[in-house]
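In: have a look; sequence and predicted model below, questions after that.
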Amino acid sequence: MGHRNLLSYIIISLKGVAMGAADVVPGVSGGTIAFISGIYEELITSINGINISQFKILHKEGFKPFWRAINGNFLFALFLGIFISVFSLARIISWLLVNQPILLWSFFFGLVFASIFFIARAIEKWNLGTITAFVFGTVLAYYITTLPPSENTGSLPFLFLSGALAVCAMILPGISGAFILVLLGSYKTILDAVHQKDFYIIATVAIGAIFGLLSFARLLKWMFNNYKNTTLALLTGFILGSLNKIWPWKRVLETKTFGDKVIPVKEINVSPFQYEGDNQLHYAILLALFGFCVIFILEKIATKSKK
């Protein structure tokens with residue numbers, strides 16, 4: 001991981017900001033952003049490194065060796081960016097989701113579509129195993145996007161479980177943590193808690209998230225170490241299957257009211273020309289192209305910084 005200077009950590013925090021922004025949108029995964037910005041495997045390895053033996057180092061040798069052992073600077077910089085983003089951008093993105101959904105989804109559609117090529121390129125060898133994993137990932141993610149949301153649920157054990165499941169989705173490219181929360185019915189409860197600074201609910205979800213993160217990172221690390229190509233093919237499939245959720249033009253067939261929020265329960269994708277209302281096609285295409293280009297700009301920056 002080498003020695004990093006302050007600028008490197010600021011860049012890592014900015015990547016965290018981008019991950020947090022993606023995670024607020026139900027349909028885009030922070031894991032996708034981590035992957036395309038070149039920090040995915042380091043993130044999984046660092047989370048995986050947090051275990052009992054590291055706390056023995058803390059007890060015997062003190063804080064500095066412990067902090068180094070868990071790659072603390074990297075994790076702190078990244079999660080600082082994520083938290084800043086979630087607390088500052090949650091409000092803006094919530095507003096955009098309601099007021100400019102087509103333009104927001106168009107940008108993310110371009111971003112996510114480009115990341116399919118980006119991740120698929122990292123697969124060194126296509127064979128029956130990788131093709132099967134790719135198809136399985138695509139079908140599973142597509143199926144998840146077609147599930148209806150649950151009623152809003154606010155019990156603390158359920159919110160703990162929501163945090164654990166959402167964070168697993170968050171670090172998986174393709175499947176969005178926020179979308180899992182919508183399916184479970186706890187998205188609005190958690191978003192409201194963030195807005196109202198209800199630290200009791202936030203803490204419950206955070207503890208669940210830490211539990212989910214530490215256990216799930218172990219599985220992902222093992223998969224990367226032993227079946228890297230198959231894992232990458234599965235993740236590429238997840239991203240392709242999730243595109244169904246973030247197609248910008250939808251016709252809502254059925255809605256449900258969660259408190260003061262109306263959430264579409266059943267909707268179908270339509271072409272921009274069948275869309276009832278202003279399809280904003282020119283702006284949507286421009287933003288999708290911009291999102292598409294952002295991936296390759298990020299890749300160029302990541303490649304340069306590695307040299």
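Out: Sure, I can see it. Given the structure is predicted, the values throughout are model-derived calculations rather than measurements.
In: can you list contacts of the helix or strand containing H59?
Out: Using DSSP states H and E, H59 falls within helix 52-61. Helix 52-61 is contacted from outside by P65, F66, A69, I70, using C-beta atoms under 8 Å, 6 or more residues apart in numbering. To be clear about C-beta, it is placed using only N, CA and C from the backbone, and glycine gets the same treatment.
In: residue contacts, F136?
Out: With contacts defined as C-beta under 8 Å, 6+ apart, the neighbours of F136 are L234, G237.
In: and it, how far from I246?
Out: Taken as C-beta to C-beta, to the nearest Å, the spacing of F136 relative to I246 amounts to 21 Å.
In: what is the burial count for K125?
Out: Residues within reach of K125, counting by other C-beta atoms under 10 Å, total 10.
In: for this structure, which residues score under the pLDDT cut-off?
Out: 1-2, 26-27, 149-154, 254-266, 298, 301-307 (pLDDT under 70).
In: can you give me the strands in it?
Out: In chain order, the chain shows strands spanning 250-258, 261-269, with DSSP state E as the criterion.
In: from F117, how far off is the residue lying farthest from the centre of the chain?
Out: Most distant from the centre of the chain: K60, at 36.4 Å, with distances by C-alpha atoms, centre = their mean. Plainly put, K60 is 48 Å away from F117 if you go by C-beta to C-beta.
In: ok, the nearest residue to K221 once chain neighbours are set aside to F296 distance?
Out: Excluding the flanking residues, the one nearest K221 by C-beta to C-beta, 6 or more residues apart in numbering is N48, at 4.2 Å. N48 sits 29 Å away from F296, taking C-beta to C-beta as the criterion.
In: same check, this time on A133
Out: Relative to F296, A133 is positioned 25 Å away (C-beta to C-beta).
In: next one: I92
Out: Separation of I92 from F296 (C-beta to C-beta) stands at 25 Å.
In: ok, I175 next?
Out: 23 Å.
In: more neighbours: those two, which one.
Out: Set side by side, I175 and F296 show unequal neighbour counts under other C-beta under 10 Å, the larger going to I175 at 28 against 13.
In: which ones are touching that one?
Out: Contacts for I175 were tallied using C-beta under 8 Å, 6+ apart; they are S29, G31, A141, I144, A169, F238, S242.
In: quick one: terminal-to-terminal distance for stretch 115-128?
Out: Counting by C-alpha to C-alpha, to the nearest Å, you get 23 Å between the two ends of stretch 115-128.
In: give me the contact list for that stretch.
Out: Everything outside stretch 115-128 that qualifies as a contact, by C-beta under 8 Å, 6+ apart, is 32, 35-36, 130, 173, 228-229, 232-233, 235-236, 239-240, 295-296, 299.
In: A233: how many residues sit nearby?
Out: Summarising burial for A233: neighbours were counted as other C-beta under 10 Å, giving 28.
In: that one contacts G137, correct?
Out: Yes - applying C-beta atoms under 8 Å, one finds A233 in contact with G137, separated by 7.1 Å.
In: measure the closest residue in space to A166 that isn't next to it in sequence to Y143 for me?
Out: Leaving aside its sequence neighbours, A166 sits nearest to G177 (C-beta to C-beta, 6+ apart; 3.9 Å). As defined by C-beta to C-beta, G177 lies at a distance of 18 Å from Y143.
In: out of the two, which sits in the more crowded spot?
Out: Taking other C-beta under 10 Å, G177 and Y143 do not tie; G177 has more neighbours (28 against 11).
In: which ones are touching the more buried one?
Out: Under the criterion of C-beta under 8 Å, 6+ apart, the contact partners of G177 comprise D23, S29, G30, A166, V167, C168, A169, M170.
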